[in-house]
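Student: Following is a predicted model, sequence given first.
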Amino acid sequence: MARKPLMSGNWKMNLNHYEAIQLVQKLSYALSKDDVEAVDISIHPPFTDLRSVQTVLESENIPISLGAQNCHAEEKGAFTGEISPLMLEKLYVTYVICGHSERRQMFGETNAEVNAKVKAIFKANMIPIMACGETLEQREAGQMEAHIVEQVTEGLAGVKADQVASMVIAYEPIWAIGTGVTATAEDAQEVCALVRATIGELYDSSTAESVRIQYGGSVKPSSAPELMSQPDIDGALIGGASLSAEDFAGCIQYRLAQ
């Protein structure tokens, strides 16, 4: 079945709200009608930029979905510094990243915590982009497959098949994030196929064929066409390149180079 690609820009801890507005406007000028019809696009600014970006997208009718980089699993409570899924939903956020490797490595997020966030995001009527990925040490030790299967299995525990079919899973090899090193298209395809096969075993073939699987890890306009030509890669979770309207547009326009 045809899965519409999703190209997502994860801005991480970059850009104040003035810079965010400028980037969104530049990006909208760089994209054609054909671009936004060929792929779904989401941008994931820092929390402090969300309202400004949401206002620009809505007022200027820019066909880009608003995304968030993280959220708490609880709807409200004494969680100083955290952001509720319901707060994001009120800002018309469509996609929320959860389980990004930086959250797992720097802030100690577990598979169980990621699973709780997946469920909370769905409960708030948004779509999770659940990330998974292995370190270089795990890959070299032959532990990659077991690690990815564990992350996917535990991250989706108790999540219904129809929800999984509608969500996004992002494979991001930790050794290729922010390093300038991109996994080969064959490396990326191998693991994305593993993710899809795992979902097929956990649920069924229909669910596995419906879920969109992104690749993330130093994606650039030059590497996007080959990555996106792989049968199990349905988009990209783009970090550094998404901070440049020209580079992000170049990734989105990957099909022009195929």
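Tutor: Ah, there it is. Residues are numbered from 1 along each chain as shown.
Student: For the chain, which segments count as helices?
Tutor: For the chain, applying DSSP state H gives helices covering 17-30, 33-38, 50-59, 85-89, 101-107, 111-123, 136-140, 144-155, 161-166, 185-202, 205-210, 224-228, 245-252.
Student: What's the mean pLDDT across the third one?
Tutor: The average of the pLDDT scores along helix 50-59 is 98.
Student: Distance from the chain centre to it, please.
Tutor: 20 Å (Cα atoms, centre = their mean, to the nearest Å).
Student: Need the contact partners of it.
Tutor: 17-18, 20-21, 24-25, 43, 45, 62, 64, 66, 68, 88, 91-93 (Cβ atoms under 8 Å, 6 or more residues apart in numbering). For glycine as for every other residue, the C-beta is placed from the backbone atoms N, C-alpha and C.
Student: Mind doing that once more with 6 Å?
Tutor: Contacting residues not belonging to helix 50-59 are listed as 17, 20, 21, 24, 45, 64, 66, 91, 92 [Cβ atoms under 6 Å, 6 or more residues apart in numbering].
Student: just to revisit the earlier point, of the helices of the chain, which approaches residue 76 most closely?
Tutor: helix 85-89 (7.2 Å; Cβ to Cβ).
Student: I'd like the mean pLDDT over stretch 72-91, please.
Tutor: On average, the pLDDT along stretch 72-91 is 98.
Student: Now do the end-to-end distance for it.
Tutor: 16 Å (Cα to Cα, to the nearest Å).
Student: Export the helices of the chain as CSV, with columns for distance to residue 77 and mean neighbour count.
Tutor: Formatted as CSV, the helices of the chain follow (distance: least, Cβ to Cβ, whole Å; neighbours: other Cβ atoms under 10 Å):
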stretch, distance to residue 77, mean neighbour count
helix 17-30, 26, 17
helix 33-38, 38, 13
helix 50-59, 20, 17
helix 85-89, 11, 20
helix 101-107, 18, 16
helix 111-123, 12, 20
helix 136-140, 35, 14
helix 144-155, 23, 18
helix 161-166, 24, 17
helix 185-202, 31, 19
helix 205-210, 33, 16
helix 224-228, 40, 22
helix 245-252, 36, 22
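Student: right, and out of the contacts of helix 50-59, which lies closest to residue 104?
Tutor: Each of these was checked against residue 104 using Cβ to Cβ; the closest is residue 45, at 21.1 Å.
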